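> fold the following and give me the result.
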Amino acid sequence: MTEPERLFESLLASERTVIGQIEIRRSDLAFALSHRDDVGRRDLRDYAAEEAIEIAKFDDVGNYRPLKTAPNLRHGWRILVPDLATIISVIDAIYPGRLAVWRVWRSGQLLPTPWRQTLARQSGIYRVAAKISDAQTDDLIGDFCRSDGGCLRTILWKRDDSGASPSTRLSLEKFDPAHDQTGGGRTAIPLLCQEACNLLIAAARKVVKGES
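Numbers count the residues shown, from 1 in each chain. Reported below is the predicted structural model:
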């Protein structure tokens, strides 16, 4: 059994595990993954594990989801899998890279990158994003990264080397890996954010350029 599988084995001892908007339930013969809001529904459509990436592409009304950790994962699906390795592959398809970051964080070796440092290494058309002011940063991150309608990741990085908060508009819970960012109040595997994503950098560029 691999290290990730051992972690899931211990987590699934209680029969149910949550990560983001996914709930994993254990039965005698298989594991069932579905949207956490859909637990108890009898009209779910069954998908193969290989189709997980398609589930993550669009929201309930068919809009493309560029940010996979946005709180708009589609409903109405179920994936039955036989083992822990397949669970990991499904989660990696829906939330790319998040399990790897979580494992490094658990080991104590994760090194988050401050906002200003991420901006400073941008090149090409995104180099101008580094000109965003602290006030603009406060507003942008406070809106773009909010868990309610923005992103379900828990922010681990700071604004700069001084250790300032990325945004004063976000609650302290946004930076707490123990908090369920969906608002469901469950004990969940956190979706961790170790540095600003490309979509946030692109949004910062638009702010600097004065684009809507």
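
> domains of the protein?
Following automatic domain parsing, the chain resolves into domains at 3-96, 115-209.

> mean confidence score for the shortest one?
Here the mean pLDDT over domain 3-96 is 90, rounded to a whole number.

> mind checking how far it is from the chain centre?
Domain 3-96 sits 13 Å away from the centroid of its parent chain (Cα atoms, centre = their mean, to the nearest Å).

> I'd like the average pLDDT over the helix or strand containing D143.
Element membership of D143, judged by DSSP states H and E, is helix 134-144. Taken as a whole, helix 134-144 has a mean pLDDT of 97.

> from now on call the first residue 32
Yes, from this point I'll number from 32; that puts the last item at helix 165-175.

> helices or strands up against the helix or strand just after it?
Proceeding N to C from helix 165-175, the next assigned helix or strand is strand 185-186, under DSSP H and E. Where contact means 3 or more Cβ pairs under 8 Å, 6 or more residues apart in numbering; DSSP states H and E, strand 185-186 is packed against strand 223-224. Just so you know, the C-beta spots here come from the backbone N, C-alpha and C atoms, and that holds for glycine as well.

> how distant is the helix holding D174 from the center of its chain?
Remark: helix 165-175 is offset 19 Å from the chain centroid, using Cα atoms, centre = their mean.

> who are the packing partners of that helix?
Under the contact definition 3+ Cβ pairs under 8 Å, 6+ apart, helix 165-175 sits against helix 229-240.

> which of the domains of the chain sits closest to R137?
R137 sits nearest to domain 34-127 of all the domains of the chain, at 7.6 Å, using Cβ to Cβ.

> hmm, back to that, can you redo the domains of the chain as TSV with distance to S138?
Output for the domains of the chain, formatted as TSV (distance: least, Cβ to Cβ, whole Å):
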stretch	distance to S138
domain 34-127	10
domain 146-240	12
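
> among the ones you listed, which comes closest to W133?
Nearest to W133, of those and by Cβ to Cβ, is domain 146-240 at 5.8 Å.

> tell me the span between the first and last residue of stretch 87-100.
Taking Cα to Cα, to the nearest Å, stretch 87-100 runs 9 Å from one end to the other.

> what's the answer for stretch 181-189, then?
For stretch 181-189, the first-to-last residue distance is 18 Å (Cα to Cα).

> mind pulling up the phi and psi values for G139?
Main-chain dihedrals, G139, degrees, to the nearest 10: phi 80, psi 10.

> please name the nearest non-neighbouring residue to V135.
Leaving aside its sequence neighbours, V135 sits nearest to L141 (Cβ to Cβ, 6 or more residues apart in numbering; 4.6 Å).

> model confidence for that neighbour, exactly?
Reading off the model, L141 has pLDDT 97.

> quick one, strands of this protein?
47-50, 53-57, 62-66, 76-78, 108-112, 185-186, 223-224 (DSSP state E).

> so for D211, which of the ones you listed sits nearest?
Using Cβ to Cβ, these put strand 47-50 closest to D211, at 7.4 Å.
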